[in-house]
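Engineer: Have a look at this prediction, sequence included:
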Amino acid sequence: MPVAPQAQNDATVKPAYQRILLKLSGEALMGDDAFGINRAMLAKLVAEVKEVVDMGVQVGIVIGGGNIFRGVSQGAAGMDRANADYMGMLATVINAIALGDAMNRGGLVARVQSALTIEPVVEPYIRGKAIRYLEEGKVVIFAAGTGNPFFTTDTAAALRGREVEAQIVLKATKVDGVYTADPMKDKTATRYNKLTFDEAFVKNLKVMDATALALCRDQKLPINVFSIFKAGALKRVVMGEDEGTLVHN
Ligand SMILES: Nc1ncnc2c1ncn2[C@@H]1O[C@H](COP(=O)(O)OP(=O)(O)OP(=O)(O)O)[C@@H](O)[C@H]1O
Ligand SMILES: O=c1ccn([C@@H]2O[C@H](COP(=O)(O)O)[C@@H](O)[C@H]2O)c(=O)[nH]1
């Protein structure tokens, strides 16, 4: 795989993965706010991603929409499900534009590609072009999920991850891994270091939604679940350190 030209490679630093697909929940952009995009949080996310890009790691990102769509979801109640889902996908486009803009101003080169065609605003998703951008060291932000209603951005992360031949999907979320039970509800829950896809299914653990999990399992694409609120966690995962939970075949 060609080395990213914008990367400042340090020969002593050897990442475990050369190409990753990072799934960022929309809620990660809220920071401490109730909804929307928090500028300080955006800057923090850019710095975390820059750290791994500077190590020569190629980064694709799928961004969720929960921070915006949650704000309008009252209005979506009772709506036709497909229409509500299109609103959700458009929310991810807003997030992708904000993140791409912050990255371009923060010393990275980012490109946004959307699964829904909104030509004057963002590029359409073109797999070959996305791979070329990654090889050039650009961060590619995949917007609008899969472009289809009844799916989620978790599934988009699994799909795009496989399409661009990422070695792993990194699910950055609110909790620092997969637990024996929801850690927000059960304080006695303990975290798994490693877990097979089959165990996750059998125990009905909320790792990613079932469609995403099945796609990753079938395509032998591992997932690492970790907390985006923990400083340096992304770098530690990329270095192959014991951070979060690794879900594998
Ligand atoms: N067994 C479990 N281990 C870890 N987290 C769990 C478990 N069961 C439920 N959860 C909950 O799942 C949540 C994270 O998953 P979720 O898919 O909702 O977030 P997300 O995908 O990051 O958000 P978004 O929908 O904004 O993209 C955590 O907040 C946690 O409370
Ligand atoms: O492929 C997709 C991806 C997303 N949606 C809709 O968007 C929202 C926001 O995505 P999150 O994964 O929840 O962050 C989601 O709730 C769906 O309504 C979609 O329809 N198809």
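Structural biologist: Noted; the coordinates are in hand. Residues are numbered from 1 along each chain as shown. Ligands and ions are numbered 1, 2, ... in the order given.

Engineer: next SSE after the helix or strand R132 falls within?
Structural biologist: Here R132, judged by DSSP states H and E, is contained in helix 127-135. As assigned by DSSP H and E, the chain's next helix or strand after helix 127-135 is strand 139-143.

Engineer: Which strands or helices does whichever strand or helix holds M87 pack on?
Structural biologist: Assigned by DSSP H and E, M87 belongs to helix 81-105. The contact analysis (3 or more CB pairs under 8 Å, 6 or more residues apart in numbering; DSSP states H and E) places helix 81-105 against helix 39-53, strand 58-63, helix 66-76, strand 110-114, strand 139-143. Just so you know, the C-beta spots here come from the backbone N, C-alpha and C atoms, and that holds for glycine as well.

Engineer: how about 10 Å then?
Structural biologist: With contacts taken as 3 or more CB pairs under 10 Å, 6 or more residues apart in numbering; DSSP states H and E, helix 81-105 sits against strand 19-24, helix 39-53, strand 58-63, helix 66-76, strand 110-114, strand 139-143, helix 153-163.

Engineer: Make JSON lines out of these and add mean pLDDT and distance to V169.
Structural biologist: JSON lines is the format used below for the helices and strands packed on helix 81-105 (pLDDT from 0 to 100; distance: least, CB to CB, whole Å):
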{"stretch": "strand 19-24", "mean pLDDT": "98", "distance to V169": "5"}
{"stretch": "helix 39-53", "mean pLDDT": "96", "distance to V169": "15"}
{"stretch": "strand 58-63", "mean pLDDT": "98", "distance to V169": "9"}
{"stretch": "helix 66-76", "mean pLDDT": "78", "distance to V169": "18"}
{"stretch": "strand 110-114", "mean pLDDT": "98", "distance to V169": "17"}
{"stretch": "strand 139-143", "mean pLDDT": "98", "distance to V169": "12"}
{"stretch": "helix 153-163", "mean pLDDT": "98", "distance to V169": "5"}
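
Engineer: Nearest approach to ligand 1 belongs to which of those?
Structural biologist: helix 66-76 (2.8 Å; CB to the nearest ligand atom).

Engineer: Only the buried residues of stretch 173-191, if you could.
Structural biologist: Of all the residues in stretch 173-191, those buried under the rule 16 or more other CB atoms under 10 Å are 173, 175-179, 183.

Engineer: Next step: those residues restricted to helices.
Structural biologist: Judged by DSSP state H, helices contain none of those.

Engineer: wait, which of those is closest to Y192?
Structural biologist: Using CB to CB, V178 comes nearest to Y192 of those, at 5.2 Å.

Engineer: Could you pull up the residues touching that closest one?
Structural biologist: 171, 189, 191-195, 199-200, 203, 205-208, 223-226, 244-247 (CB atoms under 10 Å, 6 or more residues apart in numbering).

Engineer: Show the buried residues in those.
Structural biologist: For these, buried by 16+ other CB under 10 Å: 171, 192, 195, 200, 205, 207-208, 223-226, 244-247.

Engineer: Since that was my last question, I'll sign off now.
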